[in-house]
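Novice: sequence and predicted structure are below.
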Amino acid sequence: MASWHDLGPLTQFTRPASPVQVGKLRLAVTSVGGRHGVISGACNHVGGPLGEGRCEGEYLVCPWHGWKYHVRTGKGEPGFEVDAVPSYPVREEGGHLWVDLDGATPRTKGDHPPHPLARRVERAPGPLRVVGISTTNMDLKNPRYSTSEALLEAAMDHARELQAETRTIRLAELSFRACEGYYSKSARACTWPCSITQMDPDDQLDRVYEALVHWADVYLLATPIRWGAPSALYSKMVERLNCIQNQVTIANRVLLKDKVAAFIITGGQDNVQAVAGQLMVFFGELGCHFPQFPFVAHSRGWSAEDMERNVEEVQGSAELRDGARMLAARAVQAAERLLAQAPEAGRLVRGGRKAHHLDLPARREGGEP
């Protein structure tokens with residue numbers, strides 16, 4: 001039996017798409033090609049508001065993540081017809097638009113394999129694992145010496161000496177999009193895995209997500225100082241890492257557990273403490289732990305514009321390389337303590353290596369003792 005409901009005057013529905021609320025029911029009213037249609041206002045994906053979307057031909061596009069539904073049948077775009085939202089019979093009478101709320105077609109969802117990053121977060125058996133992330137940018141066809149990356153290499157070399165598995169990620173070598181503000185649309189629109197990662201198979205930040213969430217126990221992150229702040233590539237990356245932190249705030253789901261982060265900061269300008277503080281606050285909000293004295297740094301101050309000399313100092317400084325090695329050792333040691341205390345500590349394979357020592361000569365470079 002039909003249950004016709006008056007949605008209002010036809011003059012209210014001249015736009016291609018309009019959201020309408022009937023009690024608790026969300027609807028999307030469309031006006032395309034001189035015909036009206038009514039489909040569910042909730043997208044199959046994560047419930048995006050279809051009534052606030054735009055039309056492409058006869059398909060209504062979800063404003064959150066771009067899923068498309070036919071404006072009258074509710075079926076998904078060609079190739080995804082099984083992803084259908086309910087559609088409702090409509091009629092025009094007395095200058096008003098009416099909808100039959102009892103005549104809805106069923107909501108159906110296709111079988112979509114989960115994204116590889118969406119798998120359960122579980123530490124795989126094996127030795128301690130260290131990822132190094134270089135955030136310095138450069139012309140890769142004409143590479144230059146990077147002081148922050150050079151110290152990161154020293155730290156990663158020492159991590160291998162400590163029998164840790166290592167990976168180094170250079171953001172300059174990755175092609176990835178900047179954050180597009182899905183969280184600004186709605187907290188639920190910012191998903192894990194990242195909305196961009198799910199939609200764009202060519203976006204390469206998945207390598208960073210894989211390393212941080214599923215692989216590494218220790219993060220060693222290196223950044224230059226750019227006008228008193230971390231590098232632009234660092235900022236571009238951490239904006240995309242917001243999807244990890246959002247899982248804590250909107251889903252009470254902590255993706256990073258028993259992870260240790262430490263930092264290498266260099267630059268021709270001063271502002272070491274402020275940059276270090278920014279890095280520590282962000283990674284702390286992701287759930288990371290820090291070793292004692294969690295960063296090493298080098299800066300010759302605001303007025304040191306002779307960058308060639310800055311490079312020479314870093315290249316010739318055994319003290320800075322020792323500092324980077326000590327940082328790696330402290331981070332590895334902190335991660336080992338965390339894993340030893342975890343219920344699954346037995347999965348950490350130490351391989352019988354000798355204990356490392358932190359008895360290098362006392363230094364004082366940035367956060368170094």
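Specialist: Here it is on my side, so go on. Numbering: from 1, shown residues only.
Novice: pLDDT score for the closest residue to V254 other than its chain neighbours?
Specialist: Among residues not flanking V254 along the chain, G287 sits closest, at 5.2 Å (Cβ to Cβ, 6 or more residues apart in numbering). Glycine gets a C-beta too; all of them are placed from N, C-alpha and C. Per-residue pLDDT puts G287 at 94.
Novice: do the same with E344
Specialist: At E344, pLDDT is 57.
Novice: gap between the residue nearest to V254 and D258?
Specialist: Look at G287 and D258: by Cβ to Cβ, to the nearest Å, they are 9 Å apart.
Novice: what ranges of the stretch 1-150 of the chain fall below the confidence cut-off?
Specialist: 1 (pLDDT under 70).
Novice: all strands in it, in order from the N-terminus.
Specialist: For the stretch 1-150 of the chain, strands defined by DSSP state E, counting those that start in this stretch occupy the ranges 4-9, 17-22, 25-32, 35-40, 54-56, 59-61, 68-70, 87-88, 90-93, 96-100, 129-134.
Novice: how about a markdown table for those, with mean neighbour count and distance to V218 added?
Specialist: As requested, the strands of the stretch 1-150 of the chain are exported to a markdown table (neighbours: other Cβ atoms under 10 Å; distance: least, Cβ to Cβ, whole Å):
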| stretch | mean neighbour count | distance to V218 |
| --- | --- | --- |
| strand 4-9 | 15 | 58 |
| strand 17-22 | 17 | 47 |
| strand 25-32 | 21 | 46 |
| strand 35-40 | 22 | 47 |
| strand 54-56 | 14 | 45 |
| strand 59-61 | 22 | 42 |
| strand 68-70 | 25 | 43 |
| strand 87-88 | 22 | 52 |
| strand 90-93 | 13 | 59 |
| strand 96-100 | 19 | 57 |
| strand 129-134 | 25 | 4 |
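Novice: find the centremost residue of the chain, please.
Specialist: L241 (3.0 Å; Cα atoms, centre = their mean).
Novice: was I right about that residue contacting L286?
Specialist: Yes - between L241 and L286 there is a contact under Cβ atoms under 8 Å: 6.8 Å.
Novice: give the other helices and strands that the one helix or strand M156 maps to contacts.
Specialist: Element membership of M156, judged by DSSP states H and E, is helix 147-161. Contacts defined by 3 or more Cβ pairs under 8 Å, 6 or more residues apart in numbering; DSSP states H and E place helix 147-161 against strand 129-134, strand 165-170, strand 218-224, strand 260-267, strand 295-299, helix 307-315, helix 318-341.
Novice: would you mark the buried spots in the longest one?
Specialist: So that's helix 318-341. By neighbour count on 16 or more other Cβ atoms under 10 Å, the buried set for helix 318-341 is 319-336, 338-339.
Novice: what's the distance between H115 and G79?
Specialist: Distance, H115 to G79, using Cβ to Cβ: 19 Å.
Novice: what about those two, which has more around it?
Specialist: Taking other Cβ atoms under 10 Å, H115 and G79 do not tie; H115 has more neighbours (15 against 8).
Novice: how near is that one to L174?
Specialist: As judged by Cβ to Cβ, H115 and L174 stand 18 Å apart.
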